[in-house]
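1. Output the structure for:
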Amino acid sequence: MNLPNKLTVIRICMIPLFIIVALIPNWGMIDVLGSPLLISQLVAAIIFAVASITDWLDGKIARKHNLVTNFGKFADPLADKMLVMTAFIILVGQGLAPSWVVAIIVCRELAVTGLRLLLVEDGEVMAAAWPGKIKTATQMVAIILLLLGNVPFSAINLPLDQIFLYICLAATIYSGIDYFVKNKHVFKDSM
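-> Residues are numbered from 1 along each chain as shown. Next comes the predicted model:
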């Protein structure tokens, strides 16, 4: 197994650790620039950030060293979806993200996964496009800010966590539409 695929597997293995830490009751509080932050939230945000960095790193290494594999094409987007959907579901459970926003994000992820499966049946591979990469980046930033309770921006009353949440919602919707419009040929024979 090459290094990019190992990083993808590590990201998948970090998901249960993230869940455990994110759901652990209060370990105590720390003060960050005048804003209180649960230690468990901070640790969960760090785990999520490290897992997110492996997404960027595995793709960069795979492309640079021509290490793109079928496993990577399958597992990398799956790992991203598992990580992001897990985090969003936990955020809803903790009252940190609205369920309707997360429902739209989850539905888009499932729909695009279904589209990928249809394309594979036709012998095509749907590579990640720029709108999808922007969607992933904004989702990961929004999740980290939400996990951190918007610290340190809460001290200056800047709701950057909510701003990024709605930016990522818009990017999620746009990229989903973009994938379906560009691959509408898959549905021509069934309509």
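
2. what's the helix or strand for residue 108?
-> helix 99-121 (DSSP states H and E).

3. Revised request: answer the last question for residue 88.
-> helix 70-93.

4. Pretty sure residue 57 sits against residue 10.
-> No: counting by CB atoms under 8 Å, residue 57 stays clear of residue 10, with 10.1 Å between them. No exception for glycine: its C-beta is placed from N, CA and C like everyone else's.

5. one step back: show me which positions of the helix holding residue 108 end up buried.
-> For helix 99-121, burial by neighbour count (16 or more other CB atoms under 10 Å) applies to 101, 102, 105, 106, 108, 109, 112, 115, 116, 119.

6. Run through the strands of this structure in chain order.
-> Assigned by DSSP state E, the chain shows strands spanning 29-32, 35-38.

7. Nearest residue to the middle of this structure?
-> The residue lying closest to the centre of the chain (CA atoms, centre = their mean) is residue 84, at 3.3 Å.

8. Might you report the residue contacts of it?
-> For residue 84, the contacting residues are 105, 109, 136, 139, 140, 143, by CB atoms under 8 Å, 6 or more residues apart in numbering.

9. just residue 8 next, same as before
-> When contacts are counted by CB under 8 Å, 6+ apart, residue 8 touches 54, 58, 72, 75, 76, 79.

10. Roughly how far does it sit from residue 174?
-> 26 Å (CB to CB, to the nearest Å).

11. Equivalent analysis for residue 93, please.
-> 27 Å.

12. higher neighbour count, the two?
-> Neighbours were counted for residue 93 and for residue 174 using other CB atoms under 10 Å; residue 174 has more, 15 against 12.

13. Check whether residue 88 really touches residue 107, as I assumed.
-> No: counting by CB under 8 Å, residue 107 is not a contact partner of residue 88; they are 11.7 Å apart.

14. quick one: low-confidence parts of the chain?
-> Scanning the chain for pLDDT under 70 picks out the ranges 28-29, 32-37, 127, 189-191.

15. Which residue comes closest to residue 164 once chain neighbours are left out?
-> Once flanking residues are discounted, residue 164 sits nearest to residue 142: 3.9 Å by CB to CB, 6 or more residues apart in numbering.

16. whoops, I mixed them up, residue 26
-> Leaving aside its chain neighbours, residue 26 sits nearest to residue 38 (5.6 Å; criterion: CB to CB, 6+ apart).

17. Just to check, the one you found is in contact with residue 24?
-> No: look at residue 38 against residue 24 with CB under 8 Å: they stay out of range, at 9.4 Å.

18. If you count surrounding residues, which of these two has more?
-> Shown here are residue 38 and residue 24; by other CB under 10 Å, residue 38 has more neighbours (19 against 14).

19. Just want the angle from the helix of greatest length in the chain to helix 70-93.
-> Ranked by residue count under DSSP state H, the longest helix found in the chain is helix 39-64. For helix 39-64 against helix 70-93, the angle by axes from the mean of the first three to the mean of the last three CA atoms, to 10 degrees is 160 degrees.
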